[in-house]
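> return a 3D structure for these sequence lines:
(chains A and B)
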Amino acid sequence: MNQVKASGFTKQMARNMFYGGSVFFILVFIALIFDSERKIPMRSNAEAITPAVISGKKLWETRNCIGCHTLLGEGAYFAPELGNVYKRRGPEFIKAWIASQPTNIPGRRQMPQFNFTEAQLNDLVEFLRWTSNVNTENWPPNIEG
Amino acid sequence: MQATTLKYKSQAVAKYYFVAALVLFAAQIIFGLTLGLQYVIGDLAFPYIPFNQARMVHTNLLIVWLLFGFMGSAYYLVPEESETELYSPRLAMVLFWVFLAAGALTIVGYLAVPYAKLAELTGNELLGTMGREFLEQPLPTKVGIVVVCLAFLFNITMTVLKGRKTSISLVLLMGLWGLALMFLFSFVNPDNLVRDKMYWWFVVHLWVEGVWELIMGALLAFVLIKTTGVDREVIDKWLYVIIAMALITGILGTGHHFFFIGMPGYWLWVGSIFSAMEPIPFFMMTVFAFNMVQRRRRDHPNQAALLWAVGTSVMAFLGAGLWGFMHTLAPVNYYTHGTQLTAAHGHLAFYGAYVLVVIAMISYAMPTLRGREANSHRAQAFEMWSFWIMTISMGLMVLALTGAGILQVWLQRMPTEGAMSFMQTQDQLRFFYWLRVAGGVTFLLGLLTYLYSFFAAPGTHEDEARVPNGMLHRRVKAA
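Residues are numbered from 1 along each chain as shown, chains lettered A, B, ... in the order given. Below is the predicted model:
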């Protein structure tokens, strides 16, 4: 089994490197995740997660917003970043915009009409407001997202 | 029609998986073209197929067909490596139909019903897991994926346990178990968006930049052993070093997704340093593939399979390695995060690493599943053409998206004041988006060429007796 090459590096050594390296870095990763879990509440302003924010997040998810937009830079790249949209546009603009879709301008990208109630629009705005206050290491570089 | 060159009868189940994979692949590309067109003709197909629906279908089809490809590969590879029949070919066939039906139903659901309605119908209220990128599947589909994966893993694990245990089957098993294990995090969706995103990456990153690399390494090693005849000992050693580097860099490399989503600042360092090393295993894979071809002990009649295998190693290095490295350092990613550069990297990495490795496996296995060691020269010529057409087309798409991404960063991200808005910027990128559509169209032509190779008759100049093995056998038998 042991095929000793000129370098003396055997398959067993390669295998040990795989198991040892993987287990070591898995443990380091788990430790860092535990530490992150402790710090996330402060960095994300978790006590500000009201029922409205949670409801807004559910609306965000069940309308598949991520299928066109990015949120904190993640998602599809077809429509504007919304992590900081609250700061860019403000609550009233956001609600009016969503309510007026689609624009039906020929050739332009279209956003569906979701027929939200006023309460739902408020929840969505609350979710986006909370998101805009997450500590993102100053990302995005400017207000345009 | 029992295949003459199959070492184990039960390997034949792989054929179903491969055919399904390729059909879904074709569907994925059709939806990709739709998306590419929607970038330049914004209201195309609206309101019938809005962008988000088409995108969900495009990405989910990719995942599903790659899973079909991995499963088919495992059903083919494991009996041969273990030198024993599959534990239960019947279970493999049942799972095939279950998985295909579940996948098809999900896609129909995406297209036929508004997403919010789909969520309502499928019990998203019980456990809200939908509406997150790539994990859009309704709860029953997610549960179905887990059940199918577990039953599949049971089947191949039992096969390995009752037979010979090789490094390749062991690594493949670890990769597949890891795949199933990490998918369980798709059920974790905390109310806190930051925690939601963190666990989301446990699935997405630790799949494609983690356990999938084990699967890829094992499949590549298998195809190389078969086509080059190089000593297993040498290949195993390479395989272990490659996957060691993949996990050593890739696990903490998860940090390159944690830069700007609300995670602690130290991830900027951890993520940058470790993900900057993620190209190493891919580079080693390239060296490995070329090295094995150079040291080959036989000239396998299936030269197309070898091209796909070597192509995988090169394109994976370019897509996952180079294009990933380009924007993985935190100070760079600060500007490029969530731009078309991400899309460029995503396309080339998935194509180079996972699409090509599955096709390499199909290319090697399919002729044997159809009763010959290799396809006719003419069929192989079609395959090789399709490799180049698809690869060059993907190259064009990726260069176009890279150009779009650089311009987007320049116009929208770099200016400290007076930056262009997102939509203004998009208007400036139209040239690149059209170029991407062109690449998409030729990619589809390449794919059609590939699909045609399965039906291509031997060339007129090809004496049937000269066609590698199988054909000859069949003629002798017939005589």
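> against residue A:90, how distant is residue A:128?
10 Å (C-beta to C-beta, to the nearest Å). In this view, the C-beta of every residue, glycine as well, is placed from N, C-alpha and C.
> tell me which residue lies nearest the centroid of chain B.
Residue closest to the average C-alpha location in chain B (C-alpha atoms, centre = their mean): residue B:354, at 2.9 Å.
> which SS class is that one?
helix (DSSP: H, G, I helix; E, B strand; the rest coil).
> without its sequence neighbours, what residue ends up closest to residue B:177?
The shortest distance from residue B:177 to any non-neighbouring residue, by C-beta to C-beta, 6 or more residues apart in numbering or on different chains, is to residue B:153 (6.1 Å).
> average pLDDT across the helix or strand encompassing that neighbour?
Using DSSP states H and E, residue B:153 maps to helix B:139-162. For helix B:139-162, the mean pLDDT works out to 98.
> what number of residues lie near residue B:265?
Using other C-beta atoms under 10 Å in any protein chain shown, residue B:265 has 13 other residues around it.
> same question, residue B:297
8.
> related to what we said a few turns ago, can I get the CA coordinates of the helix holding residue B:153 in CSV?
Output in CSV follows, covering the C-alpha atoms of helix B:139-162 (Å, rounded to 0.1, in the frame of the first residue of the first chain):
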residue,chain,number,x,y,z
LEU,B,139,-41.6,23.0,2.4
PRO,B,140,-42.8,19.7,1.0
THR,B,141,-40.1,19.9,-1.7
LYS,B,142,-37.4,20.6,0.9
VAL,B,143,-38.6,17.6,3.0
GLY,B,144,-38.7,15.5,-0.2
ILE,B,145,-35.1,16.4,-1.0
VAL,B,146,-34.0,15.3,2.4
VAL,B,147,-36.0,12.0,2.2
VAL,B,148,-34.6,11.2,-1.3
CYS,B,149,-31.1,12.1,-0.3
LEU,B,150,-31.2,10.0,2.8
ALA,B,151,-32.6,7.0,1.0
PHE,B,152,-30.1,7.5,-1.8
LEU,B,153,-27.3,7.7,0.7
PHE,B,154,-28.5,4.6,2.5
ASN,B,155,-28.4,2.7,-0.8
ILE,B,156,-24.9,3.7,-1.8
THR,B,157,-23.5,3.5,1.7
MET,B,158,-24.8,-0.1,2.0
THR,B,159,-23.2,-0.8,-1.3
VAL,B,160,-19.8,0.5,-0.2
LEU,B,161,-20.1,-1.3,3.1
LYS,B,162,-20.7,-4.7,1.5
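> show the subsequent helix or strand relative to that helix.
helix B:167-183.
> thought residue A:89 was touching residue A:97, still the case?
Yes: Residue A:97 is within contact range of residue A:89, at 7.4 Å (criterion: C-beta atoms under 8 Å).
> what is the helix holding residue B:153 packed up against?
helix B:51-82, helix B:89-112, helix B:167-183 (3 or more C-beta pairs under 8 Å, 6 or more residues apart in numbering or on different chains; DSSP states H and E).
> list the buried residues for it?
B:139, B:141-142, B:144-145, B:148-149, B:151-153, B:155-160 (16 or more other C-beta atoms under 10 Å in any protein chain shown).
> surely the residue nearest to residue B:177 is in contact with residue B:179?
No: Residue B:153 is beyond contact range of residue B:179, at 9.0 Å (criterion: C-beta under 8 Å).
> and the residue of the stretch 301-450 of chain B found nearest chain A, what are its phi and psi?
Closest residue of the stretch 301-450 of chain B to chain A, C-beta to the nearest C-beta: residue B:338 (3.3 Å). Here is the backbone geometry of residue B:338 (degrees, to the nearest 10): phi 70, psi 20.
> how many residues are close by it?
Neighbour tally, residue B:338, other C-beta under 10 Å: 25.
> right, and it touches residue A:75 too?
Yes: Residue B:338 lies in contact with residue A:75 (C-beta under 8 Å); the separation is 7.5 Å.
> can you pull the poorly scored residue ranges out of chain A?
Chain A contains residues with pLDDT under 70 at A:1-7.
> no, scratch that, I was asking about the stretch 1-150 of chain B
B:1-4.
> try it again with 80
Within the stretch 1-150 of chain B, the segments meeting pLDDT under 80 span B:1-5.
> could you pick out the residues of it near chain A for me?
B:38-39, B:41-43, B:46-47, B:50-53, B:55-56, B:115-116, B:119-120, B:124, B:128, B:130-133, B:136 (C-beta under 8 Å from any C-beta of the partner chain).
> of the residues you listed, buried ones?
B:38-39, B:41-43, B:46, B:50-53, B:55-56, B:115-116, B:119, B:124, B:128, B:130-133, B:136.
> wait, residue B:362 sits on residue B:22?
Yes: taking C-beta under 8 Å as the definition, residue B:362 is a contact partner of residue B:22 at 7.2 Å.
> please say which of those two ends up with more neighbours.
Set residue B:362 next to residue B:22 and count neighbours by other C-beta under 10 Å: residue B:362 wins out with 26 against 21.
> next one: the helix holding residue B:153 to chain centre, how far?
Centroid displacement of helix B:139-162 relative to its chain, using C-alpha atoms, centre = their mean, to the nearest Å, is 19 Å.
> next, the angle helix B:167-183 makes with that helix.
Orientation check (axes from the mean of the first three to the mean of the last three C-alpha atoms, to 10 degrees): helix B:139-162 against helix B:167-183 gives 160 degrees.
> quick one, helix B:139-162 and helix B:51-82 angle?
Going by the same axes, to 10 degrees, helix B:139-162 makes 10 degrees with helix B:51-82.
> re the thing from before, I'd like the distance between the residue nearest to residue B:177 and chain A.
19 Å (C-beta to the nearest C-beta, to the nearest Å).
> and that residue, how far from residue B:70?
For residue B:153, the distance to residue B:70 - C-beta to C-beta - is 11 Å.
> what does the domain assignment say about chain A?
The record's domain parsing of chain A by automatic domain parsing lists A:1-43, A:45-145.
> compare those and give me the one nearest chain B.
Using C-beta to the nearest C-beta, those put domain A:45-145 closest to chain B, at 2.5 Å.
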